[in-house]
Structure formats: structure tokens, C-alpha cells
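Colleague: When you get a sec, could you give me coordinates for this:
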Amino acid sequence: MSSGETKARFHVLTCDCQGTSPLDQTSIAACAGTAVGAGATQLCRKQIDRFKQALADESHILVGCTQEAPLFLEVADEAEFGGELRFVNIREKAGWSNENRDAGAKMGALIAEAALTIAGPHVVTMSSSGIVLVIGRDEVALEAAQRLAARMDVTLLLTGEAELLPPRIAEVPIFHGKVLHARGHLGAFEVEIGDHAAAVPAARGRLVFEPAAAARSISRCDIVLDLRGEPPLVRAPDKRDGYFNPDPRDPAAVARTLFDIADMVGEFEKPRYIEYEHAICAHSRNGIVACSRCLDHCPTGAITPHGDGVEVDPFVCAGCGNCATVCPTGAVRYRMPRSESLLTRMRTLLRAYDTGRGRRAVLLFHDGKYGEEMISAIARNYDGLPANVIPVAVNAVSQCGLEVLTAARVYGAAASVLLVPPAQDDDLAGLTEAAALNNLIMDALGYDDGKAEVSSERDPEALAAQLRATAAVNSDGPRIEAFTPAGGKRDLLSLALFALHNAAPAPVDEVALPEGAPFGTLDVDVDNCTLCLACAGVCPTHALRDTADYPRLTFLETACVQCGLCAKTCPEKVITLHPRLEFTNTARNPRIIKEEEPFACVRCNKPIGTKSMIQKVQQRMSTHSMFASASALRRIQMCADCRVIDLAESGDDPFAGAPRPVPRTTEDDLRERELGIRNDDDKKT
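Modeller: The predicted structure follows:
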């Protein structure tokens, strides 16, 4: 178990929900690995005394029901329970199914996972004073601003040309202008407005406005209510805290939004979903941009370039996890939960399931809202989940990168299904890429199972049919020795891949990968490489390394992420990327790309570089005016100290050039003309 995760000894209370969710207590207890009490049939009503007795006797209680959690919490409060109380849904996820008689192992696995304690995320705080900017075109915006004014500090900005009757009482300041740009988040919005003009207080029949006070002005507010009915002012508006843009033609939607805004005063905590490590970021070096995967896949624009790396705004980040999924180095890491924590949960689930002799486990990754609703709909209205489909709740399905999908097969999953909510339909590139790469690797190593599929199914009945088809997958593949999840993304991925290779039905030494894959080697034109070592200087993962006391370039393939910084930085353009997955010791051990005898200074014999590099510099500088003489060109073969000494001894002026021409003026021309006339007169005489 990785650091930060523990498993307390919980007392488990289960209930068959009046016989609708049969319980195999023997199998559940064997799989859960903790104390499981006698199964109840109506724990939340007639048998509530069992729960009350547990409150008196136990300090850690786990109830196998989430529907009645509010009731149990209320009873615990009345009893002044000071221990830990948790809930797990084994009814919709296992009991309410046509295959519930075979679901004991799954129930035990879900309980075992629920007993884990996962370290929580760090949070950031957003503060709102209730300052609202309402933007709109007509009376819908005016009415919304007036309704909010009773509880909030509201300003109305009208952008349309609709003729509006001036309000009888000026409850809110009214202005006219056009919105140019908006940025920020709850508690810290900045809206740039053009042609900002205040309403004339003496207007009678309709609102009129003063001449524009300024071409551009900034409005700072805590909340933005956009009722223009036009494209939103920010990217991914549904994921931006404090920004609302309901359809102004839908009165119900506007009313719901006003209700939500009315409570947005005070301090609000938000998880810090992402951690960033600049040292291993492959975005750029020395102004040369290589990797921009996190920037390209961030739906909210929370990630922006910053120097040679990037910057993640935790207030704008919506926690989708796309950036962490596509980051090849692990510089961007998802922290709700950490990847190693998610792998710990998967390992716990699948180990417990295997203890109960469960077969062909299929992991269903889903989020806590849409996914839970779909599972509930399938359980209540259709055949329920198959007994071997085990739900895994995550904060965002798109956080499941290649390290998660490959580790799932290592830990015993026959397949993985990633259920994507509608809000993420436009953010699937990274997730789809990870699933495709996982499936390519499984096929290349001869696995018939272990595949991952991304599901965007919106119909519960159709999803149930899809899961049944996946649950029937043939899983006679080899058992794999599971590893302990520890380290960063790259470490976890390497552990999973080499575990897969060691047990592969058809192991191969090399798997060809598509361009852009985060594994591979380098092809270097050694003859034209000067060992300048610029590539080693920019490599973010130290896959390319130099040697301090000898001209040598080495390469470690397992550390290479194919970011391309080396190829773009190389002045000789002799590096070509070659994506592949290599399983031999060639990839695990550093190999020498090129080495040369050091070139010594021709005066003091101190090593100053390589022979090829000195020759290349001499060749390039031979046509330069500062190196026109043989003695000047020879100084390139000297160290910095000897170069200065030789220059002083020779008396050469390094800045000397051809004699400058004497400038001519009009007076010179007149003088020569006058002298020429006199000479002609002398000749005549």
C-alpha cells in the first residue's frame, strides 16, 4: 500500500433491502477483509437498533447503503458518535441485478475498497463579496438584475439596442457598452468593456445613455451573469466557477441560475486538482517550443505558457485530468486522487474480487454524478450491472491515463470501460489516445483481453447492453504478478509495461508505436554530430546525458518521452525521433551515442572540446573578417585564457579592418574644380 493510504478495521453493516438485494455473507466477509456483521433486511427502519448498537460498540463503521445515508448520519449525530462513519453502495452496483446471486465477490470487493483511507487533496480558497455583473440585451437582463439586487451588489451592462423603460427606482446602476473580453473566476473576474456609458438619470420614455466615457474600461466583479444569448465569454463556461450563461429565452433556466447565484457569498474551497513540476516539463527550452500537449487539451484555458514551462491556474482548472493524461513526463500530475492512490484502489478491488473466486473482472470507470446516475438507472429499470462489472468512481474519467489502463490488466481486469459524461464529449482526445495505445500494446504482446473502450453512451439500456457484451469477454490470459504502486506516472507506467511483457502470451522485444507516443529511441547521424551536447542540456528527463570529464553523449531509452526538444535544439539537425516500446536491456541501460578524444588547447594542452567541434567552428569562421589571418583562426584551437594571451602578444587588433575611406564634401568638389580651372589657364599661358 503506497504512502498516504491506510486501511482501518471497519465494522460492516449490510442489508438485503427487504430481500431485493440478496447477500452472500460468507463470500462478502471473505473478500472484504474486515468484520462483517449479520446481514439485516431493513436496517434503516425496523432494525435500526443494530446500527445504534454499532455506534455504541465500534469506532469505525461502514454501512452498505448510500440511499439512507442522511438518516444514518442523523441517528449518529443524536448518539454523539465520535468515530468514523462511511457508506458504500452495494445495492445498485451489485445487488439489484439479474446476476445478484453471483455478486458476493463484487460486494466484498466494493466494501474492501471503501475501507481504504485515501489522502485528500489540497484546496484553494475563493472569496466572493456578492458583486455581480449582469450582462444582457433587453428586459430579461434588467429584471434579473433587479431580482438579485435585494441580496447582492449588482451592476447591469446592456449591450443591445432594445428600447427599455427606465426603472421607477434605480435599484441597480445601468450602463451600456460592448464586452470585449472576460477572464478570471469566482471572486476575481475582470471584464473588459468598450464604449462604456452610464444611463442618463433624466430619461423619461426610454433608457438613454451618456456619451462613451472611455474606449476601454475594466469591470471587476465576483460573479458574471451573461444573458446576451450569444457565445460565452470564457472557455468551457459550465466549468468556470462564478460564470453563468443560461439561455435568456428559457425563464426556468434563468430562475434556477438566480437561485444559485443568491447563495454565492462568502468563502468557497476548491480542490487543487493539479500539481506541476517545472524541472521535468518538456514544453520548451531556450525559447524553443517542443511539447504543448497539456495546453492543447485543457478545455478551460487554465494552463498557459510561462517561461520555459507552463503555469496552471488552480482557480480556473476544472479538474478534468486531460493534462495529466497526455503529459509524457509526469510534470503535470493529477492529485484527486494521485495515480498511485487510484492504482491502490484498483489493486484492492481486484484482489478482493479474486479472493471470492470472481472471474473476468471488468472495471467500469465513471464519475461521481453522471456515472452514478447511469448505474442507478440500469439497476432500477433494467437488468442491472453484470456480476463481473465492478464500478470504479473517479473525480474525472479523463484522468485515467495509460498507466491506469495498463495497470488494470496487471491487477487482473479482463477489460476496462470508461464512461464519459456529456460535458466531456469535446475533451476526449487524450483519453481516446490512451485507450488506443493500451489496446495496441495488448495486441502486440498477444493478449486477448485487457482492452479499454471509451463509452459515450447516453441511453441506460444501451449502456447496459454494451456492458453485458464486454462482460462476456474471453479472459483466459495469464495471471500477472502485481506490483506495489509507488512513484510518479512514468514509474508506474514502466512497472506496468514490464510486468505485462514478462507474462505476455507472445512477448516481443519491440513494439512499433505511432508518432507522438511517449516512448521511443533516437536516430543520430553520428558522423555529423559535433558533440556540442546542446541536446543533453535541454533534455527534461535526462534521457540524453553528457559526462563531466569526457566528451561523451549517452542515451537512456526508458527515460525518453519523445518530446522532440533535442531534435529542435540540435544545431546540426542530426537527431531523428523514432517512437517504439523496447523491452530489452538496451532500453533499460544507458548506451553511448558518440564519444571522442578531447581536443587540447594548442598552447597549454588543457582539454577544451572535441576535435570535430573545433574543426566545425574553424570551418564556419574561416570566411569571417575577424579570422582572416592564420594566427586569428588558430586562436579557435586555444582555451579562453590562452586566446587572450596570444592576442596580446601578437599585437593584432581584433577589431581592425580595411582603411576607412576619407569622406568627401561639397567643398572638396569645389576646390578641385577651382584647381582644375587654374591648371587649364596655366597651360594656355
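Colleague: Please state the offset of stretch 327-339 from the chain centre?
Modeller: 7 Å (CA atoms, centre = their mean, to the nearest Å).
Colleague: Same question for stretch 551-567.
Modeller: With CA atoms, centre = their mean, you get 24 Å for stretch 551-567.
Colleague: and what of stretch 352-367?
Modeller: That offset, for stretch 352-367, works out to 27 Å (CA atoms, centre = their mean).
Colleague: Show me what the mean pLDDT comes to for it.
Modeller: Predicted confidence along stretch 352-367 averages 93 (mean pLDDT).
Colleague: Report the buried residues of it.
Modeller: Of all the residues in stretch 352-367, those buried under the rule 16 or more other CB atoms under 10 Å are 352-356, 358, 360-367. All C-beta spots, glycine's among them, are computed from the backbone N, C-alpha and C.
Colleague: next one: stretch 228-246
Modeller: Those would be 228-229, 232-234, 236, 239-246, for stretch 228-246 by 16+ other CB under 10 Å.
Colleague: Stretch 105-114 too?
Modeller: Buried, per 16+ other CB under 10 Å, within stretch 105-114: 105-114.
Colleague: who touches residue 418 in this structure?
Modeller: Contact analysis of residue 418 by CB atoms under 8 Å, 6 or more residues apart in numbering lists 365, 397, 400, 431, 435, 452-455.
Colleague: same question for stretch 107-125, mean pLDDT?
Modeller: Averaging pLDDT along stretch 107-125 yields 89.
Colleague: Distance across that stretch, terminal residue to terminal residue?
Modeller: This stretch, stretch 107-125, spans 37 Å end to end (CA to CA, to the nearest Å).
Colleague: And what about the residue nearest to residue 383 when sequence neighbours are not counted, helix, strand or coil?
Modeller: Closest residue to residue 383 apart from its sequence neighbours, by CB to CB, 6 or more residues apart in numbering: residue 98 at 4.5 Å. Assigned with DSSP: H, G, I helix; E, B strand; the rest coil, residue 98 falls in the coil class.
Colleague: same question, residue 112
Modeller: Three-state assignment for residue 112 (three-state DSSP): helix.
Colleague: so where's the protein uncertain?
Modeller: For the chain, the stretches with pLDDT under 70 are 1-8, 652-659, 677-685.
Colleague: per-domain residue ranges of it.
Modeller: 1-118, 126-269, 272-334, 520-595, 598-650 (automatic domain parsing).
Colleague: Go through those and name the closest to residue 444.
Modeller: Within the domains of the chain, the stretch nearest residue 444 is domain 520-595; the backing value is 7.9 Å (CB to CB).
Colleague: if we can go back for a sec, kindly reformat the domains of the chain as JSON lines containing distance to residue 672.
Modeller: Converted to JSON lines, these look like this (distance: least, CB to CB, whole Å):
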{"stretch": "domain 1-118", "distance to residue 672": "92"}
{"stretch": "domain 126-269", "distance to residue 672": "61"}
{"stretch": "domain 272-334", "distance to residue 672": "55"}
{"stretch": "domain 520-595", "distance to residue 672": "53"}
{"stretch": "domain 598-650", "distance to residue 672": "33"}
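Colleague: Show the end-to-end separation of stretch 85-99, please.
Modeller: 29 Å.
Colleague: In contact with the most centrally placed residue in the chain: list those residues for me.
Modeller: Closest to where the C-alpha atoms of the chain average out (CA atoms, centre = their mean) is residue 323, at 1.9 Å. Residues in contact with residue 323 (CB under 8 Å, 6+ apart) are 274, 293-294, 297-298, 303, 312, 332.
Colleague: SS state for it?
Modeller: Residue 323 ends up helix, using three-state DSSP.
Colleague: Show me where the stretch 301-450 of the chain has its helices.
Modeller: Along the stretch 301-450 of the chain, counting by DSSP state H, counting those that start in this stretch, helices occupy 322-326, 339-355, 370-381, 402-410, 429-444.
Colleague: From the chain's centroid, how far away is the first one?
Modeller: It stands for helix 322-326. When C-alpha coordinates are averaged (CA atoms, centre = their mean), helix 322-326 and its chain have centres 4 Å apart.
Colleague: How about the longest one?
Modeller: Relative to the mean C-alpha coordinate of its chain, helix 339-355 is positioned 23 Å out (CA atoms, centre = their mean).
Colleague: Buried members of the contacts of residue 418 into ChimeraX, please.
Modeller: Remark: buried members of the contacts of residue 418, expressed as a ChimeraX selection using 16+ other CB under 10 Å:
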select :365,397,400,431,435,452,454,455
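Colleague: which one of the buried residues of stretch 105-114 sits closest to residue 92?
Modeller: residue 110 (10.8 Å).
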